[in-house]
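> Fold the following and give me the result.
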Amino acid sequence: MNGDRNRTGHDRGIRNLAIASICLPFLVFPLGPVAIVLNEIIGPSTSLLGLLTVLGIVLPAAGGVCGHIALKRIGARPEAAGKFKRLAKVGTVVGYGFVVAWVLIFVIIWYVIRGDFMRVSKVCQRWGEQTLDVEAFRAAENDESVRARMACALLRNQDDYVGVHRREIFETFGDQTGYSGYTEGSPAYEIESGRTRDQGSWQIVFRINKFGEVKEIVVHKPFF
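Next up, the predicted model:
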């Protein structure tokens, strides 16, 4: 009787592992809507992005591991396989496949969203070191060169604006003219439009934290 009970438990374990190997990877799909909702509630957050990325890797990996264990148990007792051997195989392939796909997608998206950055020394070398004149900056909405010449001073004196809310940044420097997709909601001001697609466009970005306050100022080139 104990032998029958052990076999039943073994078979049930194989079944549960095989089912888990299929279900766990597909739990990744709700992460997108969850990220959108949380982004609206708490604002942009690199911590949230990191958590969702980890979950996107851990869940499919767990599914692949469950499928692998199920196949190992089936190998030890083939008569217990039933219809779950194929399920475990599919779960293993899907689980590990999702891990690879998720990592590739994250790397591509991060590269596209992040774009490129310019060091302060290069900013000063490229556009000069004109003193920051907030009124002139605000008035130069249609003259990128004026704002570009003040980029060096703005970066060097960014401590004056760290902790300032984005609303005050807009009030001080005017409506944004750039694109800040890699940090949604960050005020961005274009200082050089790319003449060709390969050149891209450089912009001053006031990166904000989850409270809507400036945490740093950078000169950034969007990927597209």
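
> Going by C-alpha atoms from here, please, whenever you check contacts or count neighbours.
Will do.

> Break the chain down into its domains, please.
2-114, 117-221 (automatic domain parsing).

> So which helix or strand of this structure has the lowest pLDDT on average?
Confidence across the helices and strands of the chain bottoms out at helix 31-42, with a mean of 65, counting by mean pLDDT, DSSP states H and E.

> Now do stretch 53-71: everything it contacts.
With contacts defined as C-alpha atoms under 8 Å, 6 or more residues apart in numbering, stretch 53-71 is touched by 13-15, 17-18, 20-28, 31, 85, 88-96, 98-99, 102-103, 106.

> returning to what we had before: mean pLDDT for the domains of the chain: which is lowest?
Taking each of the domains of the chain in turn, the lowest mean pLDDT turns up on domain 2-114, with a mean of 74.

> would Ile204 count as being in a strand?
Yes. With DSSP: H, G, I helix; E, B strand; the rest coil as the criterion, Ile204 is located in a strand.

> Point me to the helix or strand that includes the nearest residue to Val28 once chain neighbours are set aside.
Using C-alpha to C-alpha, 6 or more residues apart in numbering and skipping residues adjacent in sequence, the residue nearest Val28 is Gly56, 5.5 Å away. Gly56 is part of helix 46-76, with elements assigned from DSSP states H and E.

> Helix or strand next in line after that helix, which one?
Proceeding C-terminally, helix 46-76 gives way to helix 84-114 as the next helix or strand, assigned by DSSP H and E.

> by how many degrees do that next one and helix 46-76 diverge?
Between helix 84-114 and helix 46-76, the angle formed by their directions is 160 degrees, by axes from the mean of the first three to the mean of the last three C-alpha atoms, to 10 degrees.

> Can you list the strands that the helix or strand just after helix 84-114 pairs with?
Sequence-wise, the next helix or strand downstream of helix 84-114 (DSSP H and E) is strand 116-118. Within its sheet, and counting by DSSP bridges, strand 116-118 is paired with strand 214-221 (antiparallel).

> List the buried residues for the partner strand?
214-221 (16 or more other C-alpha atoms under 10 Å).

> and which of the residues you listed is nearest Glu144?
When the buried residues of strand 214-221 are compared for distance to Glu144, the smallest value, 13.4 Å, is given by Val219; criterion: C-alpha to C-alpha.
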